[in-house]
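> Fold the stuff below for me.
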Amino acid sequence: MARKPGLLLPLLLLLLLLLGPAPARSFGQLPLILNTWPFKNATMAAWKTLAAGGSALDAVESGCATCEQQQCDGSVGFGGSPDESGETTLDAMIMDGTTMNVGAVGDLRRIKNAIGVARKVLEHTTHTLLAGEAATKFAESMGFINEDLSTNVSQALHSDWLARNCQPNYWKNVIPDSSKYCGPYKPPTILKRDGIAYKDPAHSYSHDTIGMVVIHKMGNIAAGTSTNGIKFKIPGRIGDSPIPGSGAYADDMVGAAAATGDGDILMRFVPSYQAVEYMRRGENPTTACEKVISRIQKYFPKFFGAVICANVTGSYGAACNKLSTFTQFQFMVYNPLKSEPTEEKVDCI
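Numbers count the residues shown, from 1 in each chain. I've put the predicted structure just below:
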């Protein structure tokens, strides 16, 4: 029986409506390397890994590892940000947007290659995050070398901090008065609710964690972070960097994001996850980043932080919270439309 000629087109249109449009991918903008701060060597290392046939995960690992080796601005890798006891500890994570698997380490001690250990957590365990001395033992079992992360620079930073009566520090509502004296600290027997004022420690806004997003030319997405945290932190403190959804987040169906800044505040808002969810709803990367910053501003208007975002098409954006000492955020981009890793800037909101 002959099929009616006018029936096929309406059926095809109905099928398209039911299935919905396929995700748009602008392959001219892929692959994409996007990372926080002007860490050009990290960007280049990630790009070279892709060019050599590596995966998005490989690129994130090599990019972050480069920063660890080169001690990017003293905020990544060994020899930076000593804690109250003078020890440098590391946080890192890596996420596979295809499988949604994550590997992370926090408060990692005496192991230089934190992002490498995080990759081993992803590949050789069913866990997500390992921390402290146990993470160090795991790293040793994976073949990593146990070595001192302190340097003359980090030791000098710690000595100078002690000479300044341990200022700044991250204690509050304790005795002795943490704004004037070193510890050890203890809580007073009775806290005077209106008698203690907490002053945020002074920060340097020139640098922070490396957060990296990589989108492979085939659309596979990965994200990761590495940091040595904040200077003079209380021993045992873990920031946002190794927390999935806070430090970074990736989903092949949507895109990825990474955050940098005051981790103790950022992790309360899981900004990277939130940015990806905004993009899932149709927001462009810049708007997604801005919405994340605005959400945190409502509660902490003076927080230090920034977010980078990229979607599956290779479009990208960034946003930061404007402070008197932090009005622009610098980040790195590399895609086929550029001849080399390029530093871009965004005005903070």
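
> how near is the spatially closest residue to E340 that is not a sequence neighbour to G80?
The shortest distance from E340 to any non-neighbouring residue, by Cβ to Cβ, 6 or more residues apart in numbering, is to Y334 (7.3 Å). C-beta: built from backbone N, CA, C; applies to glycine. Y334 sits 25 Å away from G80, going by Cβ to Cβ, to the nearest Å.

> same check, this time on A118
18 Å.

> Over to D240?
Counting by Cβ to Cβ - D240 and G80 are separated by 17 Å.

> Neighbour count for those two, which is higher?
Neighbours were counted for D240 and for G80 using other Cβ atoms under 10 Å; D240 has more, 30 against 24.

> Verify the stated contact: the more buried one with M267.
Yes - counting by Cβ atoms under 8 Å, D240 does reach M267; the two are 3.8 Å apart.

> what do those two both touch?
S246 (Cβ atoms under 8 Å, 6 or more residues apart in numbering).

> how close does the nearest residue to D262 once chain neighbours are set aside get to P244?
Leaving aside its sequence neighbours, D262 sits nearest to F304 (Cβ to Cβ, 6+ apart; 4.8 Å). Noted for F304: a distance of 22 Å to P244, by Cβ to Cβ.

> same check, this time on A256
Per Cβ to Cβ, A256 is found 12 Å from P244.

> which residues do the two both contact?
With Cβ under 8 Å, 6+ apart, A256 and P244 have common neighbours M95.

> If you count surrounding residues, which of those two has more?
A256 (35 against 22).

> The helix or strand hosting A139: how far from the chain's middle?
Counting by DSSP states H and E, the element that carries A139 is helix 132-141. Computed by Cα atoms, centre = their mean, to the nearest Å, the separation of helix 132-141 from the middle of its chain amounts to 22 Å.

> The stretch 151-300 of the chain: helices as residue ranges?
152-163, 263-266, 271-280, 285-297 (DSSP state H, counting those that start in this stretch).

> Now do the second one, average pLDDT.
The one in question is helix 263-266. Across helix 263-266, the average pLDDT comes to 96.

> do the same with stretch 330-345
97.

> picking up where we left off before, switch the helices of the stretch 151-300 of the chain over to CSV, and while doing so, append distance to C64 and mean neighbour count to every line.
Formatted as CSV, those follow (distance: least, Cβ to Cβ, whole Å; neighbours: other Cβ atoms under 10 Å):
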stretch, distance to C64, mean neighbour count
helix 152-163, 20, 14
helix 263-266, 16, 22
helix 271-280, 15, 25
helix 285-297, 20, 21
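
> Next, format the ones you listed as CSV and append distance to D251.
Output for those, formatted as CSV (distance: least, Cβ to Cβ, whole Å):
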stretch, distance to D251
helix 152-163, 37
helix 263-266, 19
helix 271-280, 6
helix 285-297, 13
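
> quick one: low-confidence ranges for the stretch 151-300 of the chain?
190-207 (pLDDT under 70).

> Am I right that G63 is in contact with K40?
No - contact criterion Cβ under 8 Å: G63 and K40 do not qualify, at 10.7 Å.

> Between these two, which is the more surrounded one?
Between G63 and K40, G63 has the larger neighbour count (other Cβ under 10 Å), namely 30 against 17.

> Quick one: residues contacting the more buried one.
Per Cβ under 8 Å, 6+ apart, neighbours of G63: I33, N35, A42, T43, A45, A46, T49, I210, M212, V214, G224.

> biggest separation within the residues you listed, which pair?
T49 and I210 (15.1 Å; Cβ to Cβ).
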